[in-house]
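A.B. asks: Sharing a sequence plus its predicted fold:
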Amino acid sequence: MAPPPRCMQMVAASRDEASLAVRLYNDPAEPRSFESFVVHMHLAWLYLLHAEFDRDGTDFRYWRRDNPRILDKVDGEARRWELARCVVERWPSEKDPVRANLSFFIGLRNKIEHRYARQQQALAAVVGGQAQALLLNYEEELTSQFGTKVSLATRLRFPVFIGSFTEEGEKALRRLRTELPASLRTFISEYTASLDESVTNDPHYELRLRVFQELASKPTPETFAIQYTRWGDMTDDEREMLKDMGKKGLVVTKERPRNIVGHGLKKPKDVIAEVQAQIPFRFHQGHFKKAREVLNLRPPAGDPNPERTDEKYCIYDKLNDNYGYTPAYVKKLVRECNTEEGFRAFLGTAPQDKETGAWVGPPPPASIPPWLRNQSAPAAASLQESAEAEA
């Protein structure tokens, strides 16, 4: 039996690190539980993003500045991108809440590693929302990139704890917040203040929850002890009550999707619009079709087996006899087409500026009239621009 691809070996190592991080975080006997959580989640994210780059053929090695053709090595091994570089490459926007959350923990790790052993509980109390978001963001990225079969849902459980279920527990947690060293309080406050409000209010940056204890008995033995209540199923009075609690910074309500045909899938026009919104070039139906053919996402029209798709990016809808495309496909297209070099290499044509429509770099031969094609590329482009201006 052939060994799994290298990227899947990286994914397996990443999942092991994430599982260890959560186990240590939930271990009351672990003296450095929060520090261990941060360190191992750092490694889990690093391995996961390296797996994505490896799968997509992205070179994430460092090359020497004095000679870009020679790899930069340490102890004979090529240096690879650290997590901070990977995060910027994966989420280019500084306002992305996932990037903000990861950057927060990269900075926090540099602050706390091998220090503040006595303040572990205080740290966990103060940034517990960011820690929960860090883990949930990881699960979302893991499953969207490599499928639900690698989900951590079967490994992790809701922890058994006291926390603020009692008045004494709540007082203890509030007291812990006051024990945090001034340098860490300053770091957390300054980092949060530097973020846009839309980022700090996003659950991908910090997840806030309120847990209610149910006093009624379980209706049936099969009923789950822990359940989600849908916002849409609540009365107006219940919603107002939760909003009032939310003003105290204690509530996040989460909609859990029901079973819906095609849930989360996108139509081609939606993919085209989302890709164009995130890259500096025009992206139209022709580009969409070309990308689909390059990646061999689905069989051609009329194929007797239309369901044979690359399920990570494209899924066949038998009920409507058409195809839906996943969020991972949008991310893939944005990564491939975000630069002139990437656009040309992936789609085999020149990009056009999104605002002006002008060709970026040498235009494709088909765009130049036959009587100009024997001219040099700059001269042909200049004559073509003159002809367009006169028209």
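C.D. replies: Structure received. Residues are numbered from 1 along each chain as shown.

A.B. asks: Which residues does stretch 264-284 contact?
C.D. replies: Here stretch 264-284 makes contact (Cβ atoms under 8 Å, 6 or more residues apart in numbering) with 257, 285, 287-288, 315, 317, 324-327, 329-330, 333-334, 337-338, 340, 343, 351-354, 357, 360. Glycine gets a C-beta too; all of them are placed from N, C-alpha and C.

A.B. asks: any idea of the mean pLDDT in that stretch?
C.D. replies: Over the span of stretch 264-284, the pLDDT mean works out to 94.

A.B. asks: Okay, now the unreliable bits of the stretch 251-391 of the chain?
C.D. replies: 251-263, 367-391 (pLDDT under 70).

A.B. asks: Weed out the non-buried ones from the contacts of stretch 264-284.
C.D. replies: 287-288, 315, 324-327, 329-330, 333-334, 337-338, 343, 351-352, 360 (16 or more other Cβ atoms under 10 Å).

A.B. asks: could I get stretch 90-107 in CSV with only the CA atoms?
C.D. replies: C-alpha atoms of stretch 90-107 as CSV (Å, rounded to 0.1, in the frame of the first residue of the first chain):
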residue,chain,number,x,y,z
ARG,A,90,-2.8,32.8,3.6
TRP,A,91,-4.8,35.8,4.8
PRO,A,92,-3.4,38.9,3.0
SER,A,93,-5.9,41.3,4.5
GLU,A,94,-4.9,42.8,7.9
LYS,A,95,-8.6,43.1,8.8
ASP,A,96,-9.2,39.3,8.5
PRO,A,97,-10.3,38.2,12.0
VAL,A,98,-8.6,34.7,11.6
ARG,A,99,-5.3,36.4,10.8
ALA,A,100,-5.8,38.8,13.8
ASN,A,101,-6.5,35.9,16.1
LEU,A,102,-3.4,34.0,15.0
SER,A,103,-1.2,37.1,15.1
PHE,A,104,-2.4,37.7,18.7
PHE,A,105,-1.3,34.3,19.8
ILE,A,106,2.1,34.5,17.9
GLY,A,107,2.8,37.7,19.9
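
A.B. asks: And the residue nearest the centre of the chain?
C.D. replies: Taking Cα atoms, centre = their mean, the centroid of the chain lies closest to E141, which sits 4.7 Å from it.

A.B. asks: so who does that residue touch?
C.D. replies: Applying Cβ under 8 Å, 6+ apart to E141 gives the contacts L48, V98.

A.B. asks: I'd guess it is in a helix, am I close?
C.D. replies: Yes: membership of E141 in a helix is supported by DSSP: H, G, I helix; E, B strand; the rest coil.

A.B. asks: Quick check: it vs S14, distance?
C.D. replies: E141 sits at a distance of 10 Å from S14 (criterion: Cβ to Cβ, to the nearest Å).

A.B. asks: can you list residues touching both of those two?
C.D. replies: Listed as contacting both E141 and S14 by Cβ under 8 Å, 6+ apart are L48.

A.B. asks: looking just at contacts, which helices and strands does the biggest helix by length in the chain meet?
C.D. replies: Longest helix of the chain, by residue count under DSSP state H: helix 33-56. Helix 33-56 is packed against helix 6-25, helix 83-90, helix 97-112, helix 120-126, helix 128-146, with contacts defined by 3 or more Cβ pairs under 8 Å, 6 or more residues apart in numbering; DSSP states H and E.

A.B. asks: any idea how far the first one is from the chain center?
C.D. replies: Mean-position distance between helix 6-25 and its chain equals 17 Å (Cα atoms, centre = their mean, to the nearest Å).

A.B. asks: quick check: angle from that helix to helix 33-56?
C.D. replies: Orientation check (axes from the mean of the first three to the mean of the last three Cα atoms, to 10 degrees): helix 6-25 against helix 33-56 gives 170 degrees.

A.B. asks: List of residues touching stretch 190-201?
C.D. replies: Against stretch 190-201 from outside (Cβ under 8 Å, 6+ apart): K95, D96, P97, A100, F104, G107, Y205, E206.

A.B. asks: among these, which ones are buried?
C.D. replies: Buried residues within those, counting neighbours by 16+ other Cβ under 10 Å: D96, P97, A100, F104, Y205, E206.

A.B. asks: how about a markdown table for those, with distance to V126 and pLDDT added?
C.D. replies: Below are the buried ones among the contacts of stretch 190-201 laid out as a markdown table (distance: Cβ to Cβ, whole Å; pLDDT from 0 to 100):
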| residue | distance to V126 | pLDDT |
| --- | --- | --- |
| D96 | 23 | 92 |
| P97 | 19 | 93 |
| A100 | 17 | 93 |
| F104 | 12 | 90 |
| Y205 | 15 | 82 |
| E206 | 11 | 80 |
